[in-house]
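> Please work out how this folds:
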Amino acid sequence: MIHWRGTDRIIRKAYEQAAGGKVDDAVAILRESSRESDPDGRYTEAIGMILYQAGRWSEAAECLLRALQIKPGDAQRMFYYASASSRAGEWEKALRILEEEAHQDTSSVAPIATKCLILLERGETAAAREAYKHAQLRFNSHHKQDAYAMGLLEQCAESLSQAKNETATQPQPNPG
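Next comes the predicted model:
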């Protein structure tokens with residue numbers, strides 16, 4: 001079994017490889033280590049994040065979903081999984097997983113705030129606004145001290161504001 005400090009060292013080495021342009025080598029390092037032991041999904045998550053940063057959306061989504069299945073409810077894994085899935089064109093799958101997470105943990109803000117961001121990417125501003133309101137209610141009830149949830153909500157609010165401004169500045173049809 002690998003000690004957690006060894007895990008950190010291996011993950012750091014893989015990120016260094018990826019930063020140097022050797023994404024496949026980084027993934028190979030992590031896959032080999034995960035075969036030995038990955039009870040909390042940290043190697044699997046790191047593979048997903050490296051693939052995400054490389055723009056390999058489908059592969060990233062697959063790894064991040066496995067990491068999320070190992071550790072359900074992890075807000076960061078959920079966000080990046082949904083983002084990678086949507087960028088891979090798998091919008092419905094991303095939204096379904098977020099809905100499932102929101103129903104499993106009725107106090108969690110992350111799946112609903114992430115849903116808001118995904119809906120905005122799709123141009124579904126009205127549905128995104130409703131998701132944002134729902135996330136705000138959960139946040140006010142359960143998470144006033146949760147910095148990650150607060151950051152997601154701020155990102156949603158900013159994106160909704162931008163969408164509103166873009167809509168307001170679009171040329172209006174000339175009635176004459």
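> Can you give the domain ranges for this structure?
Domain assignment of the chain by automatic domain parsing yields the ranges 7-71, 91-166.
> In CSV: the ones you listed, plus mean neighbour count, mean pLDDT and distance to Ala82.
For the C-beta atoms, the positions are set from N, CA and C on the backbone; glycine is no exception. Listed next are those as CSV, based on neighbours: other CB atoms under 10 Å; pLDDT from 0 to 100; distance: least, CB to CB, whole Å:
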stretch, mean neighbour count, mean pLDDT, distance to Ala82
domain 7-71, 19, 93, 8
domain 91-166, 17, 86, 4
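> I'd say Arg129 and Ser159 touch.
No. Counting by CB atoms under 8 Å, Arg129 does not reach Ser159; the two are 10.5 Å apart.
> which residues are common contacts for those two?
Common contact partners of Arg129 and Ser159 (CB atoms under 8 Å, 6 or more residues apart in numbering): Cys116.
> hang on, the earlier thing: could you dump the domains of the chain to JSON lines with distance to Met78?
Below are those laid out as JSON lines (distance: least, CB to CB, whole Å):
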{"stretch": "domain 7-71", "distance to Met78": "6"}
{"stretch": "domain 91-166", "distance to Met78": "6"}
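> Give me the nearest residue to Thr125, chain neighbours excluded.
In this structure, Thr125 finds its nearest non-sequential neighbour in Ala163, 4.9 Å apart by CB to CB, 6 or more residues apart in numbering.
> Could you pull up the residues touching that neighbour?
Ala163 is in contact with Leu120, Thr125, Ala128, counting by CB under 8 Å, 6+ apart.
> quick one: which of those is nearest to Ser107?
Of all the contacts of Ala163, Ala128 has the smallest distance to Ser107: 21.2 Å, by CB to CB.
> What sits closest to that closest one if chain neighbours are left out?
Leu119 (3.8 Å).
> from memory the one you found sits against Ala135, does it?
No. If you go by CB under 8 Å, Leu119 and Ala135 don't touch, sitting 11.5 Å apart.
> how about the CA coordinates for the longest helix anywhere in the chain, as CSV?
In the chain, taking DSSP state H as the definition, the longest helix is helix 147-169. The C-alpha trace of helix 147-169 is given here as CSV (Å, rounded to 0.1, in the frame of the first residue of the first chain):
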residue,chain,number,x,y,z
ALA,A,147,-16.2,28.9,0.6
TYR,A,148,-16.4,26.5,-2.3
ALA,A,149,-20.2,26.7,-2.5
MET,A,150,-20.0,30.5,-2.2
GLY,A,151,-17.5,30.6,-5.1
LEU,A,152,-19.8,28.5,-7.3
LEU,A,153,-22.7,30.8,-6.4
GLU,A,154,-20.7,33.9,-7.2
GLN,A,155,-19.6,32.4,-10.5
CYS,A,156,-23.3,31.6,-11.3
ALA,A,157,-24.4,35.2,-10.4
GLU,A,158,-21.6,36.7,-12.5
SER,A,159,-22.5,34.5,-15.5
LEU,A,160,-26.2,35.2,-15.2
SER,A,161,-25.4,38.9,-15.1
GLN,A,162,-23.3,38.6,-18.2
ALA,A,163,-26.1,36.7,-20.0
LYS,A,164,-28.5,39.4,-19.0
ASN,A,165,-26.2,42.2,-20.3
GLU,A,166,-25.6,40.3,-23.5
THR,A,167,-29.3,40.0,-24.1
ALA,A,168,-29.9,43.7,-23.3
THR,A,169,-27.2,44.8,-25.8
